[in-house]
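Novice: Okay, here's the prediction I keep looking at, along with the sequence it came from:
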Amino acid sequence: MIRIAIIAIAIFAAVPVLAQVPATPPDVAAVPDDAERAPSGLASRMLTPGSGDRHVTETDLVVVHYTLWTTDGRLIDSTHQRETTARFSLNGVIPGWRECVTQMMVGESRRCWVPQELAYKGQKDRPRGMLVFDVEVVSAEPSPTVPPPDVAMPPSDALQTESGLHYKELQPGVGARKPYEDGAVTVHYTGWTTAGKMFDSSIVRGQPTSFGLGDVIKGWGEGVQLMVEGQKMRFWIPEALAYAEGGGPQGMLVFDIELISIDR
């Protein structure tokens, strides 16, 4: 059975890899005249325009590349240096970072001058004073901490199996191959109670999960066997197919599952 864990959101979670250090911008020491200034004290300047018309929201889960300097040009951190992106929820970052990124669209790059009041004010072992970020939004999606609008009960367009499992396709997959009953798969998933409380999410952890279908709750085993690779479904799993005997949240549970690969 999948065990339930309370997820702590981490901003920096990557394995260091040696790479070229990003060059320090010439305007890192002070806010330039052409920067946009917000009433909060945040200043920013677009470096590369994005695509689409949807701005990132405060509750989004974003994937970004970023580099952070102090105003004296000291490099603090950079995903480019580690050759990896960072994934995190915007409700878990400093106010200046959140305000900066919510001005942006996917694909956009922006330089943000974050005053100390919007950064690490009063926090020990953190950079002091104004900080300068270069941020590129690679992707953005609603955070799993925000429940789906139909989480309370299966909608009228959901399909139902003989066991009482309800399901609905959110994203089509590819091919026709489906997992066997004793197969193994890799997925991304999020689970909520019907009250809208998220209790587990591989998306928030930023790491997909692999498991055997014989090692999970009955509703998962049955539901994932309906899927093809690349497909994403929402499942409403009755308590009898979930944790009726304990070991997890009680009552009907709702899972969004994306089948990344069939491993066996």
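Specialist: That came through, no problem. Numbering: from 1, shown residues only.
Novice: Let's verify the nearest residue to residue 38 once chain neighbours are set aside: helix, strand, or coil?
Specialist: Distance criterion C-beta to C-beta, 6 or more residues apart in numbering; nearest residue to residue 38, sequence neighbours excluded, is residue 99 at 6.8 Å. (C-beta placed from N, C-alpha, C; glycine too.) Under DSSP: H, G, I helix; E, B strand; the rest coil, residue 99 falls in the helix class.
Novice: ok, now residue 204?
Specialist: Residue 204 - assigned by three-state DSSP - is helix.
Novice: Could you report the neighbour count for it?
Specialist: Neighbourhood size, residue 204 [other C-beta atoms under 10 Å]: 21.
Novice: surely it meets residue 92?
Specialist: No: Residue 204 lies out of contact with residue 92 (C-beta atoms under 8 Å); the separation is 9.6 Å.
Novice: Please report the distance of residue 82 from residue 31.
Specialist: Counting by C-beta to C-beta, to the nearest Å, the gap from residue 82 to residue 31 is 28 Å.
Novice: Pick out whichever of the two has more residues nearby.
Specialist: residue 31 (22 against 17).
Novice: What separation do you get for residue 127 and residue 183?
Specialist: Residue 127 sits 48 Å away from residue 183, going by C-beta to C-beta.
Novice: For residue 62, give me phi and psi.
Specialist: For residue 62, the backbone dihedrals are phi -120, psi 150 (criterion: degrees, to the nearest 10).
Novice: no no, residue 81
Specialist: The phi/psi pair for residue 81 (degrees, to the nearest 10) reads phi -60, psi -30.
Novice: Neighbours of it, how many?
Specialist: The tally of other residues near residue 81 (other C-beta under 10 Å) stands at 17.
Novice: Surely it is in contact with residue 21?
Specialist: Yes: in this structure residue 81 lies within contact range of residue 21 using C-beta under 8 Å: 5.7 Å.
Novice: beta partners of residue 212?
Specialist: Counting by DSSP bridges, residue 212 is bridged to residue 184.
Novice: Correct me if wrong: it contacts residue 181.
Specialist: No: the pair residue 212 / residue 181 is not scored as a contact, 10.0 Å apart, by C-beta under 8 Å.
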